[in-house]
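Undergrad: missing the sequence, but the structure's below:
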């Protein structure tokens, strides 16, 4: 079966979100004078990540809007439930300045996109919002490489739900079996894409907790340098795979 398009996750797949978030938040907390409340900077960063994951899960489940999860991340982290929306937004915007200063793409991204530029179409499917991800991709010089950018905030459905993956296939006017999906999370990306009928590729950048289920249904690669051969071979139907 021929793969005609590659759909990409953004954070921790194309863009080094984990490093940017840690560096940006560390600088932000120092500027805000908030590190003194923690034994170490690492403890503060771990607390921020814990809160981020919890609020993002609420957003993914449809319990809260995109802006709401940002505001609640600030309120919970600061321990100030009565913080107004404007105050929470202002705090988060100050953090974003430090976060954006640390943005970078992974070194294997541009070579992989170049290798597949003539042979495959490309799109993005993210559990974020279009405004956020288009700004990010434009700043990183990647936006023009994708013919479509779809995000959960506008779709009303998020990964790993099949509807999110099927929506991007519909946007490309391709059946799922002609589309590969590349993401960094074995469950949200790997299992979700596979169950929706796409060729599922998990780029293991060491940022996700693995429980085995998603890993079992996705092709696992450790570098995007492995991707061109994989999507051209399409080993989903039992042909031997050398990618682990």
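TA: Arrived safely. All values derive from a computational prediction rather than experimental measurement. Numbers count the residues shown, from 1 in each chain.
Undergrad: now the helix or strand where residue 201 lies, how far from the centre of its chain.
TA: Using DSSP states H and E, residue 201 falls within strand 199-203. Remark: strand 199-203 is offset 13 Å from the chain centroid, using CA atoms, centre = their mean, to the nearest Å.
Undergrad: Can you name every helix or strand that it contacts?
TA: strand 179-183, helix 192-195, helix 213-217, strand 219-221, helix 227-233 (3 or more CB pairs under 8 Å, 6 or more residues apart in numbering; DSSP states H and E). All C-beta spots, glycine's among them, are computed from the backbone N, C-alpha and C.
Undergrad: could those be laid out in CSV, adding distance to residue 66, mean neighbour count and mean pLDDT?
TA: What follows is the helices and strands packed on strand 199-203, written out as CSV (distance: least, CB to CB, whole Å; neighbours: other CB atoms under 10 Å; pLDDT from 0 to 100):
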stretch, distance to residue 66, mean neighbour count, mean pLDDT
strand 179-183, 19, 28, 98
helix 192-195, 19, 24, 97
helix 213-217, 24, 17, 66
strand 219-221, 30, 21, 96
helix 227-233, 29, 18, 95
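Undergrad: what's the average pLDDT for the longest helix anywhere in the chain?
TA: For the chain, the longest helix by residue count, based on DSSP state H, is helix 41-60. What helix 41-60 shows for mean pLDDT is 94.
Undergrad: from the middle of its chain, how far away would that helix be?
TA: With CA atoms, centre = their mean, you get 15 Å for helix 41-60.
Undergrad: Would you mind giving the domain segments of the chain?
TA: The chain breaks down by automatic domain parsing into domains covering 5-16+104-233, 17-101.
Undergrad: Sketch out the low-pLDDT regions of this protein for me.
TA: The model of the chain has pLDDT under 70 over residues 208-215, 234-244.
Undergrad: if you go through it in chain order, where are the helices?
TA: Here the chain has its helices, by DSSP H, at 17-32, 41-60, 66-78, 85-101, 109-116, 130-139, 152-155, 162-172, 192-195, 213-217, 227-233.
Undergrad: Run through the neighbouring helices and strands of the last one.
TA: What that stands for is helix 227-233. Helices and strands touching helix 227-233, as assessed by 3+ CB pairs under 8 Å, 6+ apart, comprise helix 109-116, strand 179-183, strand 199-203, strand 219-221.
Undergrad: Of the ones you listed, which is nearest residue 88?
TA: Of all the helices and strands packed on helix 227-233, it is strand 179-183 that lies closest to residue 88, at 29.2 Å by CB to CB.
Undergrad: Compute the inter-axis angle for the closest one and helix 109-116.
TA: 170 degrees (axes from the mean of the first three to the mean of the last three CA atoms, to 10 degrees).
Undergrad: Quickly run through the sheet partners of strand 179-183, with directions.
TA: Take DSSP bridges as the rule and strand 179-183 pairs in its sheet with strand 5-8 (parallel), strand 199-203 (parallel).
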